[in-house]
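**Student:** return atomic coordinates for the entry below.
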Amino acid sequence: MKVIVVGTGYVGLVTGACLADVGAEVCCIDIDVQKTENLKNGILPIYEPGLEAIVKHNFEKGRLTFSTLLAENIKGADAIFICVGTPPGEDGSADMQYVLQVSKDIGNSIEDYVLVITKSTVPVGSSHKVRKAIADALEARGTRVDFDVASNPEFLKEGAAIKDFMSPDRIVVGIDSDRAKEVIDTIYKPFLLNGYRILYMDIPSAEMTKYAANAMLATRISFMNDIANLCEIVGANINHVRNGIGTDPRIGKKFLYAGVGYGGSCFPKDVKALVNIGLENKKPMRLLEAVEAINEDQKKVIFNKISRYFGAELQGKTIAVWGLAFKPNTDDMREAPSLVLIEALTAAGAKVKAFDPVALEEAKKYLQHNPEVTFCEDVYETVEHADAIALVTEWNEFRLPNWDKIKATLNTLVLFDGRNIYDDVQLAKDGFTYFGIGNKG
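**Tutor:** Next up is the predicted model:
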């Protein structure tokens, strides 16, 4: 089977590599010449555990190729995945220009039947626009070629994307023809051998499923953060509350962790887009508007704690920031809470010494304008002559540091734990003043 994947970002590269790994002939298309050449040389634009090895292996075997030219590679393709970005516009709506440009290019290039599969996160009704763009291009050519459009939203977790693709808990597909179903069945058969299943539905429902899933997860995060902030006021402990409600099978334990808010490329964008879809259809999404507002406030929670602790003496202090990526096991800095914290600290006159195991180079792109930020090689360099520690991203290597080594160089033994990963009782015995999220500290 021959598959074209347009877009070599996070979704496109994982999709292409994993399909090639089960034997498909895959060509990944991207208009970025340098990115394409880098991929041919095994240099990936993103960090994702396990992805580099799969890309290199399948490229060497000839099952995975990279090109900037769709027209020259489209012949014989059974399916084309559209995996380009849909960044939010100023009003929060998803920008469809790249998806529609690819659709037009497909219409300008196809000679035989192909299934066009939208994997980019797109608003409900986008399949009609994709279909029209292809049909208009064919009409302009004076050519008639049969094609189908399907929606196949991705549910990949950054940091676990390979496992999610190879062993999916579900594959959601929106279709409107039997021929499209046959192609999808063939593509995903290798992934169904372990008992996983495809959930077939109409195309608008598939498009909505993606937004609804991310909006629900974002809602759980904002709900817990709102409860955590109330816990601090009334003297409760959010960790105890989480255990208490998480054992209820109707609620479950996942996504019940209080922290510094969600970030990344999906939750913020998709919540904004769904709010915008509601406004366009005169149906305000009041809950999601609150979810978004709570999250924006939560990104400031660590700075507020630091500011209250140091007061007027914050100016001139140095804060060690542990973790920059929006979550562990990725270098993704989009909408990262660390950026809000660092900008607030330096605006208040403080200096920052920051470290992240993977995202340092990506973080420098976002913070290169800020001379008050020093990037360090490890956590121990960050605490040299620093006045406090702020844990933002819960990387595994931060969980058991050498506290005696840290105490020897840290000016003030105070720690702001933005992910509640440390034992406040033990840290108190070690002489630290501890502040978590949603507890009395």
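**Student:** and the next helix or strand past the helix ranked longest in the chain?
**Tutor:** Longest helix in the chain, counting residues (DSSP state H): helix 203-234. Later in the chain than helix 203-234, the nearest helix or strand by DSSP states H and E is helix 238-246.
**Student:** next one: that next one to chain centre, how far?
**Tutor:** Centroid displacement of helix 238-246 relative to its chain, using CA atoms, centre = their mean, to the nearest Å, is 26 Å.
**Student:** sorry, back to before: for the longest helix of the chain, which positions count as buried?
**Tutor:** Of all the residues in helix 203-234, those buried under the rule 16 or more other CB atoms under 10 Å are 203-204, 206-211, 213-215, 217-229, 231-232. All C-beta spots, glycine's among them, are computed from the backbone N, C-alpha and C.
**Student:** quick one, phi psi at Leu199?
**Tutor:** phi -100, psi 100 (degrees, to the nearest 10).
**Student:** thought it was touching Val173?
**Tutor:** Yes: when contacts are counted by CB atoms under 8 Å, Leu199 is listed as touching Val173 (7.0 Å).
**Student:** elements contacting the longest helix of the chain?
**Tutor:** Judged by 3 or more CB pairs under 8 Å, 6 or more residues apart in numbering; DSSP states H and E, helix 203-234 is in contact with helix 126-141, strand 147-151, strand 171-174, helix 238-246, helix 267-280, helix 286-298.
**Student:** what's the angle from that helix to helix 238-246?
**Tutor:** 130 degrees (axes from the mean of the first three to the mean of the last three CA atoms, to 10 degrees).
**Student:** returning to what we had before: export the helices and strands packed on helix 203-234 to JSON lines and tack on mean pLDDT, mean neighbour count and distance to Ala17?
**Tutor:** Below are the helices and strands packed on helix 203-234 laid out as JSON lines (pLDDT from 0 to 100; neighbours: other CB atoms under 10 Å; distance: least, CB to CB, whole Å):
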{"stretch": "helix 126-141", "mean pLDDT": "96", "mean neighbour count": "18", "distance to Ala17": "24"}
{"stretch": "strand 147-151", "mean pLDDT": "98", "mean neighbour count": "23", "distance to Ala17": "21"}
{"stretch": "strand 171-174", "mean pLDDT": "96", "mean neighbour count": "22", "distance to Ala17": "17"}
{"stretch": "helix 238-246", "mean pLDDT": "96", "mean neighbour count": "16", "distance to Ala17": "35"}
{"stretch": "helix 267-280", "mean pLDDT": "93", "mean neighbour count": "20", "distance to Ala17": "23"}
{"stretch": "helix 286-298", "mean pLDDT": "97", "mean neighbour count": "18", "distance to Ala17": "32"}
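**Student:** how's the protein carved up into domains?
**Tutor:** According to automatic domain parsing, the chain comprises the domains 2-201, 210-297, 299-435.
**Student:** so who does the spatially most distant residue from the centre of the chain touch?
**Tutor:** Ranked by distance from the centre of the chain (CA atoms, centre = their mean), the top residue is Gly142, with 41.4 Å. Contacts for Gly142 (CB atoms under 8 Å, 6 or more residues apart in numbering) come out as none.
**Student:** let the chain start at 283 from now.
**Tutor:** Yep, numbering from 283; the last one is Gly424 now.
**Student:** per-residue pLDDT, it?
**Tutor:** Reading off the confidence values, Gly424 has pLDDT 96.
**Student:** distance of it relative to Ser449?
**Tutor:** 46 Å (CB to CB, to the nearest Å).
**Student:** and Gln646, that one's in a helix?
**Tutor:** Not Gln; residue 646 is Lys. Yes: assessed with DSSP: H, G, I helix; E, B strand; the rest coil, Lys646 lies in a helix.
**Student:** wouldn't it be in contact with Phe657 here?
**Tutor:** Yes: with contacts counted by CB under 8 Å, Lys646 reaches Phe657, the gap being 6.4 Å.
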